[in-house]
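In: okay, predicted coordinates and the sequence, questions at the end:
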Amino acid sequence: MAEIAHKERAHALLSASGASRWMACTPSARLEENFEEKESVYAAEGTLAHEIAELKLRKHFTEPMAKSTFTRRLNKFKKHELYHDEMLRHTDTYLEYLQELALSMDSAPYVAVEKRLDFSKVVPEGFGTVDCLMIGGDTLYITDFKYGKGVPVSAENNPQMKLYALGAYFEYGFLYPIKNVHLAIIQPRLDSISEWTLTADSLLEWAKEVEERAKLAWEGKGDFVPGEHCKFCKAKAQCRA
């Protein structure tokens, strides 16, 4: 099983997960380079939940495995100090959402789990890892599992999700007739499922806007712009703005 080491996931300077920040405040990406990455307990808990979710998705969609193999791998996660039984329930909610989505399609979709996507055509050295992507008919489905219970995150116009969609479109667009893109963010601990659909054409139109912002961010240029996006910025304590 080609599992992703979630904790060691490489992070691009202009990552998809930080896109709402570096698009709003372009010089923040280079400023953040001066600060080390610190993982909170909540992030570590999220990582563990993602690993359990990945195991379940692979078993169901991409890698048939014996019950004993699945149980052995799951038991390894259960020994982790941050493991809670509710992780099984919440990851089931995520799996069930995807099962229902796949069943709603006319034929079995193409599915990729924990897929690394390259969107460097529009963002210098840009890449990220999407939790799950499906392609069914003329629609690309991008789904993100968030284990946090802070605030519900909306899929509408979400730059992280749209960058994943761009990466997927660049990789699969010549194989599949993708005309529509469906974005979904599943946050089981908040009972939140946010969905949003856009056309592939409008996604490609948005890519032009991203390209301009990404160029500024890569060069460390532009104005410091304070706002809601500062909350998770590693440089916020030192930032003059």
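Out: Arrived safely. Predicted model, so just to flag it, every value in this text is computed and none were measured.

In: just give me the neighbour total for residue 58.
Out: Close neighbours of residue 58, defined as other CB atoms under 10 Å, add up to 20. All C-beta spots, glycine's among them, are computed from the backbone N, C-alpha and C.

In: surely it forms part of a helix?
Out: Yes: assigned with DSSP: H, G, I helix; E, B strand; the rest coil, residue 58 falls within a helix.

In: my guess is it contacts residue 115. True?
Out: No: using CB atoms under 8 Å, residue 58 makes no contact with residue 115, being 11.7 Å away.

In: for the helix or strand of the chain with the lowest mean pLDDT, name the packing helices and strands.
Out: Sorted by mean pLDDT, DSSP states H and E, the helices and strands of the chain end with helix 28-32, the least confident at a mean of 88. Where contact means 3 or more CB pairs under 8 Å, 6 or more residues apart in numbering; DSSP states H and E, helix 28-32 is packed against helix 19-24, helix 200-219.

In: by contact count, what packs against the last one?
Out: Pointing back at helix 200-219 there. Using 3+ CB pairs under 8 Å, 6+ apart, helix 200-219 sits against helix 19-24, helix 28-32, helix 159-172, strand 180-187.

In: give the buried residues for it.
Out: 200, 203, 206, 207, 210, 213, 214, 215, 216, 217, 218 (16 or more other CB atoms under 10 Å).

In: which residues touch it?
Out: 13-14, 19, 22-23, 26-30, 121-124, 126, 140, 159, 162-163, 165-166, 169, 173, 178-181, 222 (CB atoms under 8 Å, 6 or more residues apart in numbering).
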